[in-house]
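Participant: I'd like to go over a predicted model; first the sequence, then the structure.
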Amino acid sequence: MKPAQFDYIAPATIDAVAAALAAAEGDGKIIAGGQSLMPMINFRLVKPAILIDINRVVGLDRIELHNDRVKIGATVRHHMTATDDIIHTHLPIVHEAMHHVAHMTVRNRGTFCGSVAHADPAAEMPMMTRFLDGTIIAYSQRGRREIPAADFFVGSLVNSLEPDEFVIGVELDAMKPDAGWGFEEFARRHGDFALACFATTLRCVDGMASDVRVGMMGVGETPLRLEEIEHIVEGTDVSEPVLDKVADRLAAILTPNTDIHASADYRRHLSGVLAKRAIRAAWSRVNHERH
């Protein structure tokens with residue numbers, strides 16, 4: 001299909017973008033990479049009156065480290081995220097996740113922040129943002145607003161932005177230098193959306209797991225941060241009985257959908273398998289074992 005008619009504007013400042021979005025009165029869409037938006041427009045799932053292109057806004061194409069937080073600007077492409085030294089050094093789990101994001105053409109044009117704003121519960125970047133205590137930085141004519149990731153993802157493809165707000169950046173916790181990590185994703189084909197994905201970071205203090213974080217995607221209406229699973233692993237020696245307990249608990253608490261790709265029962269079973277692999281990998285890395 002072809003899209004319905006729309007106007008197009010490419011302002012040069014965030015204030016001009018905010019003014020254009022406010023003037024659209026809820027009938028405007030921000031475009032940076034367009035890898036999710038344009039297919040929806042072509043299928044007429046959305047019919048904006050105007051597209052507001054933010055690619056000319058100076059300063060939104062940067063990845064920066066400030067103390068223990070990594071800031072990713074709104075026009076940073078997936079490819080830049082995948083090849084950036086700051087990401088590789090301070091967020092190696094994000095570096096790994098980027099290998100699973102769609103395909104080369106999408107990674108060359110699509111943006112990290114665009115994926116976050118799209119809020120697909122089976123996409124890697126929303127999960128990374130939730131998992132790493134992300135903050136979404138929104139802007140409007142009313143000023144700047146910082147939204148915790150826990151409050152940003154409302155439902156499948158639904159975020160908490162106001163109609164006159166747009167994302168100018170996302171901030172994530174940098175990983176501790178001594179942290180280990182594990183990332184396990186399963187999709188039917190490489191680059192497809194995940195049937196399930198499990199991510200974890202942890203440290204080893206006196207032989208026990210510490211500062212455990214656990215995130216999942218593809219098994220709910222939003223990306224998940226699973227504090228209950230974190231508590232199971234925290235303070236243990238990450239033995240096989242601990243991993244079995246994690247898998248059993250995931251089967252009890254997850255409520256994934258059944259669709260044409262997989263049943264809910266399959267996704268629950270798969271989640272346990274991926275969880276064990278990811279936690280083992282994180283524990284091996286933190287203890288400097290070959291993985």
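Facilitator: Arrived safely.

Participant: what distance separates the helix or strand containing residue 144 from the middle of the whole chain?
Facilitator: Residue 144 belongs to strand 143-148 when assigned by DSSP states H and E. What separates the centre of strand 143-148 from the centre of its chain is 18 Å, taken as C-alpha atoms, centre = their mean, to the nearest Å.

Participant: by contact count, what packs against that strand?
Facilitator: If contacts are counted by 3 or more C-beta pairs under 8 Å, 6 or more residues apart in numbering; DSSP states H and E, strand 143-148 sits against strand 135-140. Placement of C-beta: from N, CA and C, glycine included.

Participant: any idea of the mean pLDDT in the strand it packs on?
Facilitator: Average pLDDT, strand 135-140: 98.

Participant: same deal with stretch 67-74?
Facilitator: The average pLDDT within stretch 67-74 is 97.

Participant: Show me the contact partners of it.
Facilitator: 32, 54, 57, 59-65, 81, 86-87, 90-91, 111-114, 166-174 (C-beta atoms under 8 Å, 6 or more residues apart in numbering).

Participant: which helix of this protein spans the most residues?
Facilitator: Identified as the longest helix of the chain according to DSSP state H is helix 264-286.

Participant: What helices and strands are in contact with it?
Facilitator: For helix 264-286, the packing partners by 3+ C-beta pairs under 8 Å, 6+ apart come out as strand 180-186, strand 196-205, strand 208-217, helix 240-253.

Participant: Give the partner strands of the shortest one in its sheet and their orientations.
Facilitator: Pairing partners of strand 180-186, with direction, according to DSSP bridges: strand 196-205 (antiparallel).

Participant: just to revisit the earlier point, pairing partners for the strand holding residue 144, with directions?
Facilitator: Strand 143-148 has these partner strands in its sheet, going by DSSP bridges: strand 135-140 (antiparallel).

Participant: Just the CA trace of the strand it pairs with, in CSV.
Facilitator: Output of strand 135-140 as CSV, limited to C-alpha atoms (Å, rounded to 0.1, in the frame of the first residue of the first chain):
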residue,chain,number,x,y,z
THR,A,135,15.9,7.2,31.7
ILE,A,136,14.2,8.5,28.6
ILE,A,137,14.7,12.2,28.1
ALA,A,138,11.7,13.9,26.5
TYR,A,139,11.3,17.4,25.3
SER,A,140,8.4,19.7,24.5
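
Participant: For residue 269, find the nearest of the helices and strands packed on helix 264-286.
Facilitator: Proximity to residue 269, assessed across the helices and strands packed on helix 264-286 by C-beta to C-beta, is greatest for helix 240-253 (7.2 Å).

Participant: What residues of that closest one count as buried?
Facilitator: Residues of helix 240-253 classed as buried under the neighbour-count rule (16 or more other C-beta atoms under 10 Å) are 242, 243, 246, 247, 249, 250.

Participant: Distance check, the residue in the chain sticking out farthest from the centre against residue 237.
Facilitator: Taking C-alpha atoms, centre = their mean, the residue of the chain most remote from its mean C-alpha position is residue 206, at 31.7 Å. Relative to residue 237, residue 206 is positioned 10 Å away (criterion: C-beta to C-beta, to the nearest Å).

Participant: Could you do residue 265 as well?
Facilitator: Counting by C-beta to C-beta, the gap from residue 265 to residue 237 is 31 Å.

Participant: Compute the distance from the centre of the helix or strand of the chain with the lowest mean pLDDT to the centre of its chain.
Facilitator: For the chain, counting by mean pLDDT, DSSP states H and E, helix 104-109 ranks last in confidence among helices and strands (a mean of 86). The chain centroid and the centroid of helix 104-109 are separated by 16 Å, computed with C-alpha atoms, centre = their mean.
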